[in-house]
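Asker: Give the three-dimensional model of this entry:
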Amino acid sequence: MERKVIITGDRPTGKLHLGHYFGSIVNRVKMQKDYETYILIADVQALTDNFNNPEKVRNNVKELALDYLASGIDPKYSHIYIQSMIPEVAELTVYFSNLVTVARLYRNPTTKFEVSQKENIFGSSGESITYGFLGYPVSQAADIVALDGDVVPVGDDQLPHIEQTREIVRKFNNVYGETLKEPDAVLSPNPRIKGLDGNDKMSKSLGNAIYLADTEEEITKKVMSAVTDPKKIKKDDPADPNVCMVYYYHKLIGNKNLDNVCTECKKGARGCVGCKKELINEMVNFLKPIQERRKYYEEHPEEVEQILKDGTEAARNKAKEVMNRVRKNMKLDYFE
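Answerer: Predicted coordinates for the structure are as follows:
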């Protein structure tokens, strides 16, 4: 029986943090043996708002690959590939761009929010938005469809992009005949992970993230700054663990002492400093196997390069098959 195809990935703009790990990576690792899995390093998309800093994008391609491998993405089951090395995606993006109005792109709520967060690049009201950034959901649709993607594991903020992809596929098939698959989104069990400051989303831009590669010293500094119940003034004051980010992370990483943490917090039998120190120890132990795998691949860069070459070749071969169908149905197969 032919396995369904998963397409997912990340922009190479920095190292991965716990938000990435619990928001998507865990799900990818769990699903990779049951699906034909393609994980893209979206360097072209990263350039849409880093066009003036290509070195940042290039350097983070390696960092992202290291984090994937360290987190349990297994090249025996998953193809890790570089987006810019698949020219068929660029070609399909052009064809898709004829099927989407500018007005529809402006209505995408995720794109609108992202533009509002980048005033320094696109202006206070988005008046300087580039064609590349406004249209990146079209490119993202091509990423998925060019590899015959059936399933796309996403966070809830990416659902509008998947719906736009489905719209494009339906219109393409309506115009050119049944050619392309309409992908389905699969939400992670933890689609959005909170930051150390209590913000609803952990993000490198907000400075509220714990990275998978953080040292014990960095983890200590970050955890000691984590937001706790503001009503707890003294050590023996009772507190509400549900508004405490320290408890939130105890729960997230599966502290076996969680029930005691909760009970003692509510009774005022646990101080915040001691609770944070326990979390630091738990967090260091949780990240240790991930960091050990990362260290191995850091010391074997030739393996990482070969994994990327093999993954990119597999993705390119898949895209060529799909584009043969596309060109045939669009009457562009001139020399076939």
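
Asker: Which segments of the chain make up each domain?
Answerer: What the record gives for the chain is the domain set 5-194+301-329, 216-294, from automatic domain parsing.

Asker: Just give me how far the first one sits from the chain centre.
Answerer: Translated: domain 5-194+301-329. A distance of 9 Å separates the C-alpha centroid of domain 5-194+301-329 from that of its chain, computed with C-alpha atoms, centre = their mean, to the nearest Å.

Asker: Could I get the average pLDDT for that domain?
Answerer: What domain 5-194+301-329 shows for mean pLDDT is 92.

Asker: swap in the shortest one?
Answerer: Domain 216-294 comes out with an average pLDDT of 92.

Asker: Check the offset of it from the chain's centre.
Answerer: How far domain 216-294 lies from its chain's middle: 25 Å, per C-alpha atoms, centre = their mean.

Asker: now the helices for the stretch 51-200 of the chain?
Answerer: 54-70, 87-97, 102-107, 109-116, 119-122, 131-134, 136-145, 159-176 (DSSP state H, counting those that start in this stretch).

Asker: which residues sit against the third one?
Answerer: Looking back up the chat, that one is helix 102-107. Helix 102-107 has contacts (C-beta atoms under 8 Å, 6 or more residues apart in numbering) with 111-112, 134-135, 137-138, 164, 167. Quick note: C-beta positions are derived from backbone N, CA and C, even for glycine.

Asker: rewinding a little: which of the helices of the stretch 51-200 of the chain is buried the deepest?
Answerer: helix 136-145 (a mean of 26; mean count of other C-beta atoms under 10 Å).

Asker: Grab the CA positions of it and hand them over as CSV.
Answerer: Provided in CSV are the C-alpha atoms of helix 136-145 (Å, rounded to 0.1, in the frame of the first residue of the first chain):
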residue,chain,number,x,y,z
TYR,A,136,4.8,33.7,-0.1
PRO,A,137,1.6,31.7,0.7
VAL,A,138,1.5,31.0,-3.0
SER,A,139,5.1,29.7,-2.9
GLN,A,140,4.2,27.7,0.2
ALA,A,141,1.3,26.2,-1.7
ALA,A,142,3.7,25.2,-4.5
ASP,A,143,6.1,23.6,-1.9
ILE,A,144,3.3,21.3,-0.7
VAL,A,145,1.7,20.5,-4.0
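
Asker: circling back: now render the domains of the chain as JSON lines, adding distance to residue 200.
Answerer: Shown next, in JSON lines, are the domains of the chain (distance: least, C-beta to C-beta, whole Å):
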{"stretch": "domain 5-194+301-329", "distance to residue 200": "6"}
{"stretch": "domain 216-294", "distance to residue 200": "12"}
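
Asker: and among those, the most buried is which?
Answerer: Per residue and on average, the most neighbours among the domains of the chain fall to domain 5-194+301-329, with a mean of 18 (mean count of other C-beta under 10 Å).

Asker: Need the phi and psi values for residue 18.
Answerer: Main-chain dihedrals, residue 18, degrees, to the nearest 10: phi -60, psi -30.

Asker: Distance of it relative to residue 192?
Answerer: Distance, residue 18 to residue 192, by C-beta to C-beta, to the nearest Å: 12 Å.

Asker: on that earlier part again, to residue 216, which of the helices of the stretch 51-200 of the chain lies closest?
Answerer: Residue 216 sits nearest to helix 54-70 of all the helices of the stretch 51-200 of the chain, at 16.5 Å, using C-beta to C-beta.
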